[in-house]
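>>> Any chance you could fold what I've pasted below:
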Amino acid sequence: MRLIRALYQRFRHLIHELAKFGTVGAAAYAVQLATTNLFWWGLGMPPLAGQALGTLCATVVAFLGNRYWTFGHRARTGLGREYVLFFLLNGVGLGIQLVCVWVAESVLGLTSPLALNLAGNVIGVGLGSLFRFWSYRKWVFPEQGPPARPDGDTADTGQPHGA
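Numbering: from 1, shown residues only. The predicted structure follows:
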């Protein structure tokens, strides 16, 4: 029991971030699943376009949840910087999902709703989520703010100068 308690104490912060990330991810996943299937089956869009647009909708939900809740305790390095990095890294995550859909559709010849959902919305989202969590912690919402410039100032934090 002591070992478990000691491990929890050591990794408590990471466990809490993962739990919040998972909660935000679940909300974003619900948005993605609903919108992707709406684009595919409701609007008749091609698989890759529907997946891309569904993921874009979910990305907006994920950015807001992660910035203000999951990683709200971390350094603020400027909304613009965080926004751009978040969306660039989500582009990589989207690429992971699209590769999974492409493999299912073009390589394996699987085009049913179930196959495309498993490829893009289960396997692709799972692999993409692992990449996203790691990259958000490392680059988008770092523990420390950016290093001080030679004049002693730091990057834009969204706070008034001297606050």
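>>> hang on, Ala52 packs against Gly91?
No: applying C-beta atoms under 8 Å as the test, Ala52 and Gly91 come out as separate, 9.9 Å apart. (C-beta placed from N, C-alpha, C; glycine too.)
>>> quick one, which of these two is more surrounded?
For Ala52 versus Gly91, neighbours defined as other C-beta atoms under 10 Å are more numerous around Ala52 (20 against 14).
>>> where's Trp39 relative to His13, distance?
Just so we're on the same page, residue 39 is Phe rather than Trp. Distance, Phe39 to His13, by C-beta to C-beta, to the nearest Å: 38 Å.
>>> Tell me the confidence at Arg149?
With respect to pLDDT, Arg149 has a value of 52.
>>> ok, now the one 10 residues further on?
Taken from the predicted model, the pLDDT recorded for Gln159 is 43.
>>> Let's verify Ala75: helix, strand, or coil?
For Ala75, the assignment made with DSSP: H, G, I helix; E, B strand; the rest coil gives coil.
>>> list the contacts for His85?
If you look again at residue 85, you'll see it is Leu, not His. If you count contacts by C-beta atoms under 8 Å, 6 or more residues apart in numbering, Leu85 has them with 139-140.
>>> Touching stretch 44-62 from outside, list them.
Stretch 44-62 has contacts (C-beta under 8 Å, 6+ apart) with 24-25, 27-29, 31-40, 43, 86-87, 90, 93-94, 97-98, 101-102, 105, 111, 116, 120, 124, 132.
>>> Check which residues of it are buried.
Neighbour-count burial for stretch 44-62 flags 45, 47, 50-55, 57-59, 61-62 (criterion: 16 or more other C-beta atoms under 10 Å).
>>> would TSV of those with pLDDT, secondary structure and distance to Phe71 be doable?
Listed next are the buried residues of stretch 44-62 as TSV, based on pLDDT from 0 to 100; DSSP: H, G, I helix; E, B strand; the rest coil; distance: C-beta to C-beta, whole Å:
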residue	pLDDT	secondary structure	distance to Phe71
Met45	95	coil	32
Pro47	91	helix	32
Gly50	94	helix	29
Gln51	89	helix	26
Ala52	88	helix	25
Leu53	93	helix	26
Gly54	93	helix	24
Thr55	82	helix	20
Cys57	92	helix	21
Ala58	91	helix	17
Thr59	85	helix	15
Val61	93	helix	15
Ala62	93	helix	11
